[in-house]
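# predicted model, plus sequence, below.
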There are 2 protein chains.
Amino acid sequence: MTHTSLILERFVRKMESRCSLSPNDREAVLALPVMQRTYQPNTYIIREGELLQRHCAFIISGFAIRQKLTNVGARQIVSMHLPGDLLDLQHLYLNYADHNVQALTLMEAAEIGRPALRRLVLRNPRVATAMWIDALVDSSISREWLLNVGQRDARGRIAHLLCEFAARMTAAGMASDSGYELPMTQEQIGDAVGLTAVHVNRTIKALKAENLITRDKRHLHFHDIEGIRAIAGFSSLYLHLDQITTDPEDRPGDERGA
Amino acid sequence: MTHTSLILERFVRKMESRCSLSPNDREAVLALPVMQRTYQPNTYIIREGELLQRHCAFIISGFAIRQKLTNVGARQIVSMHLPGDLLDLQHLYLNYADHNVQALTLMEAAEIGRPALRRLVLRNPRVATAMWIDALVDSSISREWLLNVGQRDARGRIAHLLCEFAARMTAAGMASDSGYELPMTQEQIGDAVGLTAVHVNRTIKALKAENLITRDKRHLHFHDIEGIRAIAGFSSLYLHLDQITTDPEDRPGDERGA
DNA sequence: CGCCTATTTGAATCATTTCAAGCTAAGTGG
DNA sequence: CCACTTAGCTTGAAATGATTCAAATAGGCG
């Protein structure tokens, strides 16, 4: 329903949060051909092993995940995406998909053809830089998840997931100071942090019992966010929330701290 | 000791394995100012949180790892790099380092300034594409590690690490068909797969007892690589070993299977 | 109301960690 | 050349965190 130009405005704002654009760049982005599409919960958007000829999706509303399966069918969610995220930059220059992309909730996306997106990157270096940064931040999050799953115990892992969400939802303007809507079942949380649903349940129960959080349906409420942060050992550095590049050339002397 | 032009030749070959270059591109790469440098084992090359103004390193010889630490000091190795790998593409457009980079063994690197590298990317789209692909493959490996650590048991995790190495070392021409030099201690293997050194020891012992591998000092020998692959559930798809882009514009019709 | 999905709980089992100690091989300095 | 040191590997026994299996409960929806 949303008008195409509104969607692309939003896309421009996203890019501009990463690298300052010229009027030319903005125009080029706004001229992108997009196709709006709705995905039902759990629909596969891309499947591992598939030849990639399709499009990249920009999330308008709803949530998506990326995941991988082992040969015995165990699922690891490797990332989670909110409205305003560009899905699939991770596949932009690859021939075959190396992971699955799935709608988590009902989701609306604006799909941009790969050739159009690549051409945009080729002709507009500042847009390219913005997209590159976006892909790098995405990778940074994967590394933090690897640290989370590899080195923290159940409490730490879950607390960390909750903190990351809080930070990202806040940045997207989708959280109140008290909490946010966490659109995941306990089983999905388990698949994201490498635990069974049963153990996620017990761990969350413990966090509730200690009066750190409450969960009412899908709404997550923090009673003691500092306590949760301490359990998680959370620092938002890896999200690069304030990362913005003004000069793709990185001329010495232009270097600025955030 | 190695002559600069030889190093850059190697760099060109690396890029060309990802995207076909024009004579112009080749020249531009070969004109890159490089500084050769030696790192002692365990030296930090980049520290998390540090302002990035320095350079990217191309590994000439030796091995490097990238790692992160939790607030309580647990270490997760998030990737491992061999000669011919470009370190730190993951930081090319970021202001602050989000992970540590460390020499694993004695290591020689050719360091290329960030401004020079960014300028190269800006002026040479095919080189940019090659580097983008390199960064994407790196991210793909992180995701597979996340799956490994999150969903496989100790045997599977270690077997998978060994398989990945076998594939990468073979691609780099550093493995014989019987095995390769694995330059990691059991503790480092543990940090890479999220296990304690003690348990790594016991698990490797079990693999030896089943006549799947032997380890003589740092040399790893496969007796039954198919058996190891089965335990790991290994498929090399995620390494994108045959990924090569011929057309950065991705014009429809040029799309080709590997 | 009945169905389905998600959550909750208990009890038994299992994989992995922890702590502690001993061992081996290689390197260093006297 | 030997004694000393150190880093890495090996092993055992006990403790613990997480899984598994199974069953009960709760909530949303047609």
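Looks like it came in fine.

# so which bits of the stretch 101-250 of chain A are right by DNA strand C?
Counting by CB under 7 Å from any atom of the strand, the residues of the stretch 101-250 of chain A lying close to DNA strand C are A:185-187, A:197-198, A:201-202, A:204-205. (C-beta placed from N, C-alpha, C; glycine too.)

# between those, which is closest to residue B:99?
residue A:204 (28.8 Å; CB to CB).

# pull the residues that contact the strand or helix carrying that closest one.
Per DSSP states H and E, residue A:204 falls inside helix A:197-209. With CB atoms under 8 Å, 6 or more residues apart in numbering or on different chains as the test, helix A:197-209 has contacts from A:154-155, A:158-159, A:185-187, A:189-190, A:193, A:195, A:213-215, A:228, A:231.

# near chain B, from these?
Restricting those to those near chain B by CB under 8 Å from any CB of the partner chain leaves residue A:193.

# among the contacts of helix A:197-209, which ones are buried?
Among the contacts of helix A:197-209, those classed as buried by 16 or more other CB atoms under 10 Å in any protein chain shown are A:154-155, A:158-159, A:186, A:189-190, A:193, A:195, A:213, A:215, A:228, A:231.

# residues near residue A:23, how many?
Here the neighbour count serves as a burial measure; for residue A:23 (other CB atoms under 10 Å in any protein chain shown) it reads 7.

# where does it land on pLDDT?
In the prediction, the pLDDT value recorded for residue A:23 is 96.

# and what of the one 4 residues further on?
Confidence per residue is given as pLDDT, and for residue A:27 that number is 95.

# what's the answer for the one 4 residues further on, then?
Residue A:31 is assigned a predicted lDDT (pLDDT) of 93.

# just the one 5 residues further on next, same as before
Among the per-residue scores, residue A:36 holds a pLDDT of 94.

# quick check: bridge partners of it?
Residue A:36 has these beta-bridge partners by DSSP bridges: residue A:110.

# and for the spatially most central residue of chain A, nearest residue in space, chain neighbours not counted?
Centroid-nearest residue in chain A, with CA atoms, centre = their mean: residue A:81, separated by 3.2 Å. Residue nearest to residue A:81 in three dimensions, not counting chain neighbours: residue A:64, with 4.5 Å by CB to CB, 6 or more residues apart in numbering or on different chains.

# near DNA strand D, anything from the helix or strand containing residue A:220?
Using DSSP H and E, residue A:220 maps to strand A:219-222. No - counting by CB under 7 Å from any atom of the strand, DNA strand D is not contacted by strand A:219-222; separation bottoms out at 11.1 Å.

# that strand - contacts with which helices or strands?
Contact analysis of strand A:219-222 by 3 or more CB pairs under 8 Å, 6 or more residues apart in numbering or on different chains; DSSP states H and E lists helix A:154-171, strand A:179-181, strand A:213-216 as its packing neighbours.

# does residue A:190 really touch residue A:161, like I thought?
No - between residue A:190 and residue A:161 there is no contact under CB atoms under 8 Å: 10.3 Å.

# okay if I get the residues of the stretch 101-250 of chain A next to DNA strand C as TSV plus pLDDT and distance to DNA strand D?
TSV is the format used below for those (pLDDT from 0 to 100; distance: CB to the nearest atom of the strand, whole Å):
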residue	pLDDT	distance to DNA strand D
A:185	96	12
A:186	97	11
A:187	97	11
A:197	97	8
A:198	98	4
A:201	97	9
A:202	98	6
A:204	97	12
A:205	97	12
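
# which residues does the residue nearest to residue A:163 when sequence neighbours are not counted contact?
For residue A:163, the nearest residue in space outside its immediate sequence neighbours is residue A:234; the separation is 4.0 Å by CB to CB, 6+ apart. Residue A:234 makes contact with A:159-160, A:163-164, A:228, according to CB under 8 Å, 6+ apart.

# repeat that for residue A:175.
Taking CB under 8 Å, 6+ apart, we find residue A:175 in contact with A:166, A:169.

# strands along the stretch 1-150 of chain A, start to end?
With DSSP state E, counting those that start in this stretch applied, the stretch 1-150 of chain A shows strands at A:34-39, A:44-46, A:55-61, A:64-69, A:75-81, A:100-103, A:107-113, listed in chain order.

# closest one to DNA strand D among those?
Nearest to DNA strand D, of all the strands of the stretch 1-150 of chain A, is strand A:75-81, at 11.6 Å by CB to the nearest atom of the strand.

# which strands or helices does the closest one pack on?
Going by 3+ CB pairs under 8 Å, 6+ apart, strand A:75-81 lies up against strand A:64-69, helix A:125-151, helix A:186-193, helix B:125-151.

# kindly export the third one (C-alpha atoms) in CSV.
What follows is helix A:186-193 as a C-alpha-only set of coordinates in CSV (Å, rounded to 0.1, in the frame of the first residue of the first chain):
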residue,chain,number,x,y,z
GLN,A,186,11.4,-19.3,22.8
GLU,A,187,12.3,-21.9,20.3
GLN,A,188,13.5,-19.2,17.8
ILE,A,189,15.5,-17.5,20.6
GLY,A,190,17.1,-20.9,21.3
ASP,A,191,18.0,-21.3,17.6
ALA,A,192,19.6,-17.9,17.7
VAL,A,193,21.8,-18.5,20.8
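
# nearest to residue B:30, out of the helices and strands packed on strand A:75-81?
Go through these one by one with CB to CB and the one that ends up closest to residue B:30 is helix B:125-151, at 11.3 Å.

# in the closest one, what counts as buried?
For helix B:125-151, a neighbour-count test (16+ other CB under 10 Å) marks B:125-151 as buried.

# and it, anywhere near chain A?
Yes - Helix B:125-151 lies within reach of chain A by CB under 8 Å from any CB, at B:125, B:128-129, B:132-133, B:135-140, B:142-147, B:149-151.

# and the residues you listed near DNA strand D, which?
Restricting those to contacts with DNA strand D (CB under 7 Å from any atom of the strand) yields no residues.

# restrict stretch A:228-242 to CA atoms and write it as CSV.
The C-alpha trace of stretch A:228-242 is given here as CSV (Å, rounded to 0.1, in the frame of the first residue of the first chain):
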residue,chain,number,x,y,z
ILE,A,228,20.7,-7.4,32.2
ARG,A,229,23.6,-5.5,30.6
ALA,A,230,25.9,-6.7,33.3
ILE,A,231,24.9,-10.3,32.8
ALA,A,232,25.3,-10.0,29.1
GLY,A,233,28.6,-8.1,29.3
PHE,A,234,27.0,-5.9,26.6
SER,A,235,28.7,-3.1,24.9
SER,A,236,27.1,-1.6,21.8
LEU,A,237,30.4,-0.8,20.0
TYR,A,238,30.1,-3.7,17.6
LEU,A,239,26.8,-2.3,16.2
HIS,A,240,28.6,0.8,14.9
LEU,A,241,25.5,2.8,15.5
ASP,A,242,27.3,6.1,15.0
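
# mean confidence for it?
97.

# do stretch A:89-109 as well
Across stretch A:89-109, pLDDT averages out at 95.

# and for stretch A:158-168?
What stretch A:158-168 shows for mean pLDDT is 97.

# ok, stretch A:118-130 next?
Taken as a whole, stretch A:118-130 has an average pLDDT of 94.

# got the end-to-end distance for it?
Between the opening and closing residues of stretch A:118-130 we find a distance of 13 Å, counting by CA to CA, to the nearest Å.

# contact partners of that stretch?
The list of residues contacting stretch A:118-130 from outside it, by CB under 8 Å, 6+ apart, reads A:14-16, A:18-22, A:24-25, A:28-29, A:32, A:92-93, A:131, A:245, A:248, B:93, B:122, B:125, B:128, B:248-250.
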